[in-house]
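K.L.:
Sequence first, predicted model second:
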Amino acid sequence: MKILVIGHPDAVLGFSLAGVGGRIATTAEEVNQALDEAQANKDIGIVLVTQDVAALIPARMEHLNLRSTVPLVVEIPSRAGVPEGQPSLGDIVLRAIGIKL
């Protein structure tokens, strides 16, 4: 199964350097389209969405966080960093796929 990142251009570029595919999204329409395509693709097992982009579609993200199984949709910190009281990217990856960064 593949991992896909949806978010800011810097995040997509950074993950692409590690071999992870991505979709740049800066509007709610682009985020929704990318999520629809990811959910339709049977090869994608995990979708990482940056917090800044997830904030464009809060209701859908809440629904996906509560109900998505395959692909698993996980919100990750944006380039602004981790907000106070939120888990770090390492904690999120560990929880999602069991790998410690």
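P.N.:
Right, received. Where do you want to start? Numbering: from 1, shown residues only.

K.L.:
helices or strands up against the longest helix that the chain contains?
P.N.:
Counting by DSSP state H, the longest helix found in the chain is helix 28-40. Contact partners of helix 28-40 among helices and strands, from 3 or more CB pairs under 8 Å, 6 or more residues apart in numbering; DSSP states H and E: strand 2-7, strand 21-24, strand 44-50, helix 58-67. Glycine gets a C-beta too; all of them are placed from N, C-alpha and C.

K.L.:
Mean pLDDT lowest where, among these?
P.N.:
Mean pLDDT is lowest for helix 58-67 out of the helices and strands packed on helix 28-40, coming in at a mean of 88.

K.L.:
Now for the nearest residue to residue 37 once chain neighbours are set aside: which residues touch it?
P.N.:
Leaving aside its sequence neighbours, residue 37 sits nearest to residue 23 (CB to CB, 6 or more residues apart in numbering; 7.7 Å). Shown in contact with residue 23 (CB atoms under 8 Å, 6 or more residues apart in numbering): 4, 5, 6, 12, 30, 34, 37, 38.

K.L.:
ok, residue 77 to residue 48 distance?
P.N.:
Noted for residue 77: a distance of 10 Å to residue 48, by CB to CB, to the nearest Å.

K.L.:
neighbour-wise, which of these two wins?
P.N.:
Neighbour count, other CB atoms under 10 Å: between residue 77 and residue 48, residue 48 has more, with 24 against 17.

K.L.:
Which of the contacts of residue 23 has the largest number of neighbours?
P.N.:
In terms of neighbours by other CB under 10 Å, those top out with residue 5 at 27 neighbours.
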